[in-house]
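# make a model of this:
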Amino acid sequence: MALPKFIVGMLFALAIVIGWSWLGGASVGTTLVRVIVCAIVIQAGYFVLVYALIATSTPTPADLARDAERKLKSSEVRESEKLGARRSLH
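Model (predicted):
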């Protein structure tokens with residue numbers, strides 16, 4: 001989910017909490033506590049969602065090529081192997 005969509009959704013959810021509190025006759029302090037708790041829960045959920053998306057993502061071809069280049073630059077690879085591998089990447 002893109003950040004602008006998340007922010008709009010979060011503001012909409014907080015507006016619902018404010019309306020619910022107002023219609024329920026809650027005090028300003030209670031409404032403020034509800035809004036803060038709701039914002040914290042939404043932020044934590046968004047963090048977990050983004051973390052899960054990153055953790056389960058598969059490497060792209062660009063990631064694989066970058067990893068191959070890093071291996072070429074390491075000291076463990078002999079010079080003759082670097083040339084052969086570099087030609088196969090490009």
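
# which positions within stretch 45-65 qualify as buried?
Tyr46 (16 or more other C-beta atoms under 10 Å). C-beta: built from backbone N, CA, C; applies to glycine.

# next, the distance between the ends of it.
Using C-alpha to C-alpha, to the nearest Å, the end-to-end distance of stretch 45-65 comes out at 33 Å.

# centre of the chain versus it, how much separation?
8 Å (C-alpha atoms, centre = their mean, to the nearest Å).

# averaged pLDDT, stretch 63-72. What do you get?
Averaged across stretch 63-72, pLDDT comes to 80.

# sorry, slip of the keys, the one I care about is stretch 16-34.
On average, stretch 16-34 scores 94.

# which parts of it are buried?
Quick answer for stretch 16-34 (16+ other C-beta under 10 Å): Val17, Ile18, Ser21, Ala26, Thr31, Arg34.

# just the element for Ala65, please.
helix 61-73 (DSSP states H and E).

# and this structure, what are its domains?
By the record's domain assignment, the chain is partitioned as 1-57, 59-90 (automatic domain parsing).

# distance from the chain centre to the longest helix along the chain, please.
Longest helix of the chain, by residue count under DSSP state H: helix 28-55. Going by C-alpha atoms, centre = their mean, the spacing between the C-alpha centre of helix 28-55 and its chain's C-alpha centre is 14 Å.

# just checking, what packs against it?
helix 3-23 (3 or more C-beta pairs under 8 Å, 6 or more residues apart in numbering; DSSP states H and E).
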